[in-house]
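# Got a sequence here, can you model it:
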Amino acid sequence: MRKLFFLIFALLLSGPILWSQEAPNPNTTIFWDTSVSMKDRNLEKDLEVLDKVFQRSPDQEVQLLLFNIGIEERTYQIKGGNWESLRSDLEAVQYDGATYYAILSGPAKHPNIYLFTDGNRGLDKDTPDLPAKTYLINSSPNRDEEFLKRTALINRYRLMDFAAILPENIASLKTPVGSNKKLVKGKVYIDNVPVPDVVVAVKGMPGGTRSVVDGSFSIEAQPGDSLLLSSRSRNTYKVVAVEDTDQMNVFLEGNVFTLDEVTLVERRQEEVEAEVVTAYGKENKEKIGYAAQSIGDESITPIQTDVSQAVLNKFSNVTLRNDEDLSRATMRSNTSILGNNYGLVVIDGVPQRQSDSSRDGVQQFAERQNSQTSFDYVNPDNIASITVLKGYAATNKYGSLGANGVILITTKTAMASKKTGEPTDLARLTDNIYDEEKSTEMRRSTIRKSLEKSKSAEEAYRTYLEMRPSAEDNMQFFFDAADYFKSRDSELAAVITSSILELFPKDIKTLRAVSMVLSEVGNNEQVAAINEEIIEIDEKNVQAWLDLAVAQRNLGEYQKSLQQLLALQGNSTTPDLSIKSVGKTVNRELKNLIFRHKEDLNTTGVPSNYLNNIKYNVRLVFEWNDPEAEFNLQFVNPQKRYFNWEHNSTSASDRMKDEILNRYSSEEFEFYGDGVQGEWILNATYLNHIDLTNQVPLVLKCTLYQNFGYPDQTSEVIVVSFNTPGETKLLKTVQVN
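Below you'll find the predicted structure:
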């Protein structure tokens, strides 16, 4: 009886558990890759897989997720195995854009998951994150086999690769022999031009290689080795250490001779009376009775993009840190504990308001704004000379203001005014009269002309798809098509642009070009991902670190952006980056981020000098995808006079070399104060490329800020692309208030 009781009790306990068990959920989620590389898929193979799924579970709900860089969801109710509606939609899919697996994490609703993709993707580090036992299915012959296998192994997916049984894809059983060395790739320049036929060898090792027509080379070596590069025809050689990087850029100078004998010949020089700038104008250097150090405009290079960089390390006993404004320069020992130790800056004879070192870091925000001055508005291109005066005899004209030393800045504008008796702007110095009809002549590509004939965006897209098969080897085709659609359908423009990432090699200049176009149409998530990819390729690419911080700001990730900018400005990044050339931009982005989003930020520990924002009528930030591209930026003032900022191997060779070595490609300009009001025209002209084999178009981006630093600040991104030398494009007509 006791045994029977326990048996009944056990059945009562187990009964509800057995009765509550349910049949497996038959519903299915399908991820269907619609990127451009999937256009060659074997659709019948994919549909056969789905047909078997619906034979096994004829009644279910299907969630279809069509994806490339975006994702579209559709839902179907399958009854009695009838899935014709779903089949018809899959057969009608248009394939375009690049694959972005990051967007697949999260939207799946059902337990049975099928991912149809070929493994080709826009970004190499991008991988799908789906539950284990997901079916990974490929029918495209041009798949990324290694990626599919690795992804299935790591994530425990069930791989079905139909392309593996094709005769041309049957893998060889032979295993290649490994090597302890890695393939070092690089590019060699002589006199800032990439050149072929330069011998590249590992020092102390036999053999070697030669650079090809675009100056590039590859050779097996390892970190710690030294490369010997030599050219008999150019009479030059150089030994460089192999760096732990994916791309080495080596610069040599041509016609470097070794002399066996040198004869010195004395020649008497005529004595020339030396003059120096003082507080009272130019005077004889030997008669003034005190030291005055000066530099002229020849000592200020295009690399020095603000006046602080022009002064840095040029004068003895002048102390100025890399990230400090000129207003914080000290020229004598800090003799005052409570008083001010900063020097006086005088521009064209007018003393400027001084910063006050006695208030650094101790006063409230409003007081800091009133006690600190910034001179980053001074254009280095407009500086004729800079002179440093120290000591009472040199500075007594300025009284107590000059007690800590004086920096005299004379501008070219002021010098021109002295000759004519009236103010003269830089554009008038060369009498550049703007010819609007000639300067705004635009060329339209074949794809652009064809699309503009369309009566609707849908018709234009069909035209694009029809023309694409014959133009898939022309990157400019995709940029031109995206440019047409960006004002009509920004999402479609982004998809078209992203196709480049699957159809062309993903080098840095291509990635940057795509990133710029995507930033114009507001696809900041992709912009951030692309710059992370560039950093993976070249971790010292300072431009990518800066662009990543800007993309994070645009995504609303303000704290991430702040930390990134602070790390750049403080040189605390890992690895160490050369930020000097982009320091001005980093500084302004940092101050403006805090000014506009302070309530969303934790600014504890942020240096006080970043809490004082800068204000301009207009701020222009230019970026380009390739430091080897040659172009001009043209600024036309309201009086129809223009001046050019040149980026070419003739007048800006040092600048271009610095960009290549330090991995940046940007510059900025600003309009401020009185006299700039009116309509300005911004043009750009593509000149050429120092690598004549280059196939990547020049893409130029301009971020236009109006009322920068004010509560009503606005911004606009303008992107244009060039492929034909001599082509000029209008960037923007700007009304400056």
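
# in the stretch 251-400 of the chain, which spans are helices?
In the stretch 251-400 of the chain, helices defined by DSSP state H, counting those that start in this stretch lie at 307-311, 365-371, 392-395, listed in chain order.

# In terms of mean pLDDT, which of those helices ranks lowest?
Among the helices of the stretch 251-400 of the chain, helix 365-371 carries the lowest mean pLDDT, a mean of 48.

# can you list the weak-confidence ranges in the stretch 351-500 of the chain?
358-372, 416-431, 437-442 (pLDDT under 70).

# in it, which spans are strands?
Under the criterion DSSP state E, counting those that start in this stretch, strands of the stretch 351-500 of the chain are mapped to 383-389, 406-411.

# Tell me the helices and strands packed up against the last one.
Strand 406-411 makes packing contacts with strand 344-347, strand 383-389 when contacts are defined by 3 or more CB pairs under 8 Å, 6 or more residues apart in numbering; DSSP states H and E. Yep, even glycine has a C-beta here, placed from its N, CA and C like the rest.

# The same query, at a cut-off of 10 Å, please.
Here strand 406-411 touches strand 275-278, strand 292-296, helix 307-311, strand 344-347, strand 383-389, going by 3 or more CB pairs under 10 Å, 6 or more residues apart in numbering; DSSP states H and E.

# quick one on the thing from earlier: out of the strands of the stretch 351-500 of the chain, which is closest to residue 254?
Ranking the strands of the stretch 351-500 of the chain by proximity to residue 254 (CB to CB) places strand 383-389 first, at 31.7 Å.

# Run through the neighbouring helices and strands of that closest one.
strand 275-278, strand 292-296, helix 307-311, strand 344-347, helix 392-395, strand 406-411, helix 412-420.

# Confirm residue 125 sits in a strand?
No: assessed with DSSP: H, G, I helix; E, B strand; the rest coil, residue 125 is coil; it does not lie in a strand.

# show me the contacts for it.
Shown in contact with residue 125 (CB atoms under 10 Å, 6 or more residues apart in numbering): 102, 529, 532, 533, 535, 536, 537.

# the helices in the stretch 401-550 of the chain, which residues?
412-420, 426-429, 436-439, 446-452, 457-467, 475-485, 490-503, 508-520, 524-537, 542-554.

# start to end distance for stretch 298-308?
16 Å (CA to CA, to the nearest Å).

# sorry, back to before: what's the closest of the helices of the stretch 401-550 of the chain to residue 732?
Among the helices of the stretch 401-550 of the chain, if distance is taken as CB to CB, the winner is helix 508-520, at 12.4 Å.

# tell me the mean pLDDT for the closest one?
Mean predicted lDDT for helix 508-520 stands at 97.

# Quick one: distance of it to the chain centre.
8 Å (CA atoms, centre = their mean, to the nearest Å).

# now do stretch 276-284
For stretch 276-284 - counting by CA atoms, centre = their mean - the centre lies 45 Å from the chain centre.

# Use 181 as the first number from now on
Understood, numbering begins at 181; the last thing we discussed is stretch 456-464.

# burial measure for residue 906, as a count.
10 (other CB atoms under 10 Å).

# Actually, residue 419.
Counted with other CB under 10 Å, residues neighbouring residue 419 total 10.

# Now do it against residue 383, distance only.
In this view, residue 419 and residue 383 are 6 Å apart by CB to CB, to the nearest Å.

# what sits in contact with each of the two?
406, 407, 408.

# ok, and the most crowded of these?
Highest neighbour count within the shared contacts of residue 419 and residue 383, by other CB under 10 Å: residue 407, with 23 neighbours.

# Which residue, neighbours along the chain excluded, lies closest to that residue?
Closest residue to residue 407 apart from its sequence neighbours, by CB to CB, 6 or more residues apart in numbering: residue 420 at 5.3 Å.

# Now do the SS call for that neighbour.
Assignment for residue 420 (three-state DSSP): strand.

# about what we covered before: out of the helices and strands packed on strand 563-569, the one nearest residue 766 is which?
helix 487-491 (13.1 Å).

# Could you give the separation of the closest one from the chain centroid?
25 Å.

# Ok, stretch 769-787 next?
The answer for stretch 769-787 is 22 Å, by CA atoms, centre = their mean.

# now that stretch: mean pLDDT?
Here stretch 769-787 scores 93 as its mean pLDDT.

# can you give me the helices in the stretch 731-880 of the chain?
Taking DSSP H, counting those that start in this stretch to define them, one finds helices in the stretch 731-880 of the chain at 738-749, 763-777, 833-842.

# Out of these, flag the one nearest residue 654.
helix 833-842 (26.0 Å).

# Packing partners of the closest one?
strand 362-370, strand 428-432, helix 722-734, strand 822-827, strand 846-851.

# Can you name the residues bridging to residue 862?
residue 815, residue 912 (DSSP bridges).

# contacting residues around it?
800, 802, 813-816, 849, 882, 884, 898, 909-914.

# Kindly report the same for residue 747.
Counted by CB under 10 Å, 6+ apart, residue 747 has contacts 725, 729, 753, 754, 757, 759, 766.

# Just the buried ones from those?
Buried subset of the contacts of residue 747 (neighbour count, 16 or more other CB atoms under 10 Å): 725, 729, 753, 757, 759, 766.

# Could you measure from the third one over to residue 463?
Residue 753 sits at a distance of 47 Å from residue 463 (criterion: CB to CB).

# Kindly report the same for the second one.
Separation of residue 729 from residue 463 (CB to CB) stands at 48 Å.

# Could you do the last one as well?
Distance of residue 766 to residue 463, given as CB to CB: 40 Å.

# how does the protein divide up, domain by domain?
208-349, 362-432, 455-600, 616-704+794-916 (automatic domain parsing).
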